[in-house]
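Peer 1: Below is the structure, and that's it, no one-letter string:
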Ligand code: NAD
Ligand code: WQD
């Protein structure tokens, strides 16, 4: 019996492969390398201390997927594969709907045809939209998402709800991630964005390493303790461990559950910058810039459902996240490109 991990060479997927193997699972990994590199797979295998099968395969390739299901006894799928850049999704909506929604439908069809009906899906706090107040909990109505990327996550959540309703043998756990940052404590794997980063932590660490000159802090006039945006930053290794617990849950239960993976604590942009400077003894020059369109002031989770259903809670703090992000960035200034 094995767990199939789609997008397993990406940022969250690679960390999850290691935690799954540590927990004693056999894994099979697929990725099309759209946003990852073979070097990430190589290092993940080294850190896991165990080899595992890998296929360069696109989740939209039903025939390719069927061969993988035929070759392995897959009992559940952790589904990371997808496109994730909010800005890009506005200019390339069709690519996002095709990959994230169409790809997931194809994957679910193959799973159904091969008799594997358990999925852990990478959803996002973005499905809570602009209007729900934090702490965000899973009983709140989702929707009101302002960009195509977020809409793909919202749509896939509906697909999984309907699928589980149609067939009581299905089990789907929709994990709503808050803001994953940090890296493996070895500094060997981490987030390796293409081009100029969109997200805060990769930007901060690339400023610290001298690749970028200055951070632009998007807005200091929000209704928060220091005026900058507040987010629920979560260490990627904690997030990966949440997937291990979600797999155990999906193996033991049927039906569809949405579960937040966050810490329950909000830190501001400047809290993060200051923690990063203090923990790592580096400077992060910044300037205050106008608000970024589509941003909300505050977003953090109510993590109590994950504690109750999965027996999971985040263990690592903001300083761990800053330290580990820096170890990865400073040891790999060009990411996986040597
Ligand atoms: P990532 O881009 O690092 O990893 C995704 C992986 O999927 C990449 O290795 C990419 O090559 C692969 N992939 C993309 N399309 C594919 C396809 N059609 N077939 C096969 N492989 C494909 O992203 P990540 O940060 O690790 O995110 C993983 C998942 O979590 C994504 O679905 C993302 O939307 C979701 N998510 C991420 C965040 C975040 O802040 N990182 C937050 C919430 C949700
Ligand atoms: C965090 C805070 C910015 C960059 C995004 C997606 C979300 C999810 C996680 C996938 C905000 C501020 C940022 C910068 C800044 N991804 N910031 N200067 O927007 O909370 O969430 O990633 O599902 O869907 O929208 O994360 O890291 O971009 O921003 O001041 O250069 O940092 O304004 O307050 P966000 P982020």
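Peer 2: Yep, that arrived. As the structure is a computational prediction, the values presented were derived from the model and not from experiment. Numbering: from 1, shown residues only. Ligands and ions are numbered 1, 2, ... in the order given.
Peer 1: my guess is residue 144 contacts residue 150, does it?
Peer 2: No: with contact defined as Cβ atoms under 8 Å, residue 144 and residue 150 do not form a contacting pair (9.3 Å). Any C-beta I mention is one placed from the backbone N, CA and C, and that applies to glycine too.
Peer 1: Buried residues, stretch 207-215. List them.
Peer 2: Buried residues in stretch 207-215, counting neighbours by 16 or more other Cβ atoms under 10 Å, are found at 207-209, 212, 215.
Peer 1: And these, which is closest to ligand 2?
Peer 2: residue 215 (5.8 Å; Cβ to the nearest ligand atom).
Peer 1: Give me the residues contacting stretch 160-173.
Peer 2: With Cβ atoms under 8 Å, 6 or more residues apart in numbering as the test, stretch 160-173 has contacts from 76, 108, 112, 117-121, 174, 246, 249-251, 253-257, 259.
Peer 1: Kindly report the same for stretch 50-59.
Peer 2: 6, 8-9, 17, 21, 26-33, 41, 45, 64-65, 68, 71-72, 79, 81, 99, 103-104, 106-107.
Peer 1: cutoff 7 Å now
Peer 2: 6, 21, 27-33, 41, 45, 64-65, 68, 72, 81, 103, 106-107 (Cβ atoms under 7 Å, 6 or more residues apart in numbering).
Peer 1: Got a PyMOL select line for the buried ones in the residues you listed?
Peer 2: PyMOL command restricting the contacts of stretch 50-59 to the buried ones, with burial defined by 16+ other Cβ under 10 Å:
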select buried, resi 6+21+27+28+29+30+31+32+41+45+64+65+68+72+81+103+106+107
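Peer 1: Which ones, among the contacts of stretch 50-59, also lie beside ligand 1?
Peer 2: 6, 31-33, 81, 103 (Cβ under 6 Å from any ligand atom).
Peer 1: In helices, which of the contacts of stretch 160-173 appear?
Peer 2: Judged by DSSP state H, the subset of the contacts of stretch 160-173 located in helices is 108, 112, 246, 249-251.
Peer 1: Among those, which one has the most neighbours?
Peer 2: residue 246 (26 neighbours; other Cβ atoms under 10 Å).
Peer 1: immediately after the least confident helix or strand in the chain by mean pLDDT, which helix or strand?
Peer 2: Ranked by mean pLDDT, DSSP states H and E, the weakest helix or strand in the chain is helix 86-91, scoring a mean of 96. Using DSSP states H and E, the helix or strand that follows helix 86-91 in sequence is helix 93-96.
Peer 1: buried sites along that next one?
Peer 2: residue 96.
Peer 1: ok, residues contacting that helix?
Peer 2: Taking Cβ under 7 Å, 6+ apart as the rule, helix 93-96 contacts 83, 89, 148-149, 152.
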